[in-house]
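Asker: pasting the structure only:
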């Protein structure tokens, strides 16, 4: 991420935050709850209020600084995701891979779909090649006896 110059750069923004806010921001960053960390900065009462991109930049920098303390990302193997889908409390009829984008880049999301309009997120992969998520999603769909859909043409070409 790059700083846009309209707000304080990350080191100065960090220094301007009260100590209690810094502690909460770092706690969210370590738990990989980036949006909660951004909200803490936005609601810290600084005047002038930092812009959204300045807050995102700061959280990104804090993530780099605290990288050795981040909780491990959730497991995304077929066995774990199958167990998650089976524990949803409703029959999974389809799995859907869909591209999404956020301020950190392109994300491939795997959702479980039920017959009465239920939808639950099972996993997400950020900035990865197709092969791994597609293979995992196909294995989970096979274990569940569910249809595998997507992603559509809004992402990179499918292998």
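Answerer: Nice, I can see it. As the structure is a prediction and not an experimental result, all values here were calculated from the model. Numbering: from 1, shown residues only.
Asker: Just confirm residue 122 contacts residue 97, I think it does.
Answerer: No: counting by Cβ atoms under 8 Å, residue 122 stays clear of residue 97, with 10.2 Å between them. Using the backbone N, CA and C atoms, a C-beta is placed for each residue, glycine as well.
Asker: Overlap of the contact sets of the two?
Answerer: Common neighbours of residue 122 and residue 97 (criterion: Cβ atoms under 8 Å, 6 or more residues apart in numbering): residue 110.
Asker: quick one: low-confidence parts of this structure?
Answerer: 1-5, 103-104, 152-159 (pLDDT under 70).
Asker: Do a quick rundown of the helices in it.
Answerer: With DSSP state H as the criterion, the chain has helices at 10-16, 19-30, 34-42, 52-65, 78-86, 131-144.
Asker: Mind splitting this protein into its structural domains?
Answerer: As given by automatic domain parsing, the domain ranges for the chain are 10-69, 78-149.
Asker: Save the ones you listed as JSON lines, and put in mean neighbour count too.
Answerer: JSON lines is the format used below for the domains of the chain (neighbours: other Cβ atoms under 10 Å):
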{"stretch": "domain 10-69", "mean neighbour count": "16"}
{"stretch": "domain 78-149", "mean neighbour count": "16"}
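Asker: Cool, thanks, signing off.
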